[in-house]
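Q: sequence first, predicted model second:
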Amino acid sequence: KYIKPGCNILDVGCGSGILSIVSIKYGASHALGIEIDEPAIPSTIDNRDINGITAEQFEIKCGNIIDDDGLQRETGFEKYDIAVANILPNVIIPLSAEIGQHIKKGGLFISSGIIDTAADSVRKAISDGGFEIIDTTTLKDWYCFTARKK
């Protein structure tokens, strides 16, 4: 729905790489996946390769973008059309204050994997992070917020 040909994706907590891989398959020109769990990286690379996606299309870095200034600089500022994060609310909340600096004005932050008991806290953190929530999707007890950078 939101992926447009040529867009640039930032995938925080990329895990298996599925969100980046699907984004490239839907026309994104580039994705940067960031994963804090170093042992997950070889599987992410395998998944990228199995899907016929090049390292130039889908880069993968290991680290914590929330508090690693060097990784924040390497990631780049105001460069991504969309940032995605399908991770736990206790990570999305502090990430919401940091991620905006990497997204272009008017770009999107899509966060999912949010259990209903944490939805209000995550919604507030995203709003406080300089975003306007434009879509909320639910599936049983789970939430996904799509927010636009102001």
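A: Thanks, I have it.
Q: what helix or strand is the nearest residue to Cys14 once chain neighbours are set aside located in?
A: Spatial nearest neighbour of Cys14, excluding adjacent residues (Cβ to Cβ, 6 or more residues apart in numbering): Gly33 at 3.2 Å. Bear in mind the C-beta positions are built from the backbone N, C-alpha and C, glycine included. Taking DSSP states H and E as the definition, Gly33 sits inside strand 30-35.
Q: what's next to the longest strand seen in the chain, contact-wise?
A: For the chain, the strand with the greatest residue count under DSSP state E is strand 103-115. Identification of contacts with strand 103-115 by Cβ atoms under 8 Å, 6 or more residues apart in numbering yields 2, 10, 78-89, 92, 95-96, 99-100, 122, 126, 129, 131, 137, 141-150.
Q: mind checking the SS state of Pro5?
A: When classified by DSSP: H, G, I helix; E, B strand; the rest coil, Pro5 comes out as coil.
Q: from Ile18, how far off is it?
A: Note on Pro5: its distance to Ile18, by Cβ to Cβ, to the nearest Å, is 20 Å.
Q: of these two, which one has the most company?
A: Using other Cβ atoms under 10 Å, the more surrounded residue of Pro5 and Ile18 is Ile18, with 15 against 8.
Q: tell me which element the residue nearest to the more buried one when sequence neighbours are not counted is part of?
A: Among residues not flanking Ile18 along the chain, Asn47 sits closest, at 7.3 Å (Cβ to Cβ, 6+ apart). For Asn47, the host element (DSSP H and E) is helix 41-50.
Q: mind listing the helices for this protein?
A: Along the chain, counting by DSSP state H, helices occupy 18-25, 41-50, 69-75, 89-98, 119-128.
Q: list the buried ones in stretch 11-28?
A: For stretch 11-28, the neighbour count (16 or more other Cβ atoms under 10 Å) marks 11-15, 17, 19-24, 28 as buried.
Q: of these, just say which sits nearest to Leu71.
A: Nearest to Leu71 among these is Val12, at 10.6 Å by Cβ to Cβ.
Q: what's the separation between the residue nearest in space to the middle of the chain and Tyr143?
A: Closest to where the C-alpha atoms of the chain average out (Cα atoms, centre = their mean) is Val84, at 2.2 Å. Using Cβ to Cβ, one gets 14 Å for the distance from Val84 to Tyr143.
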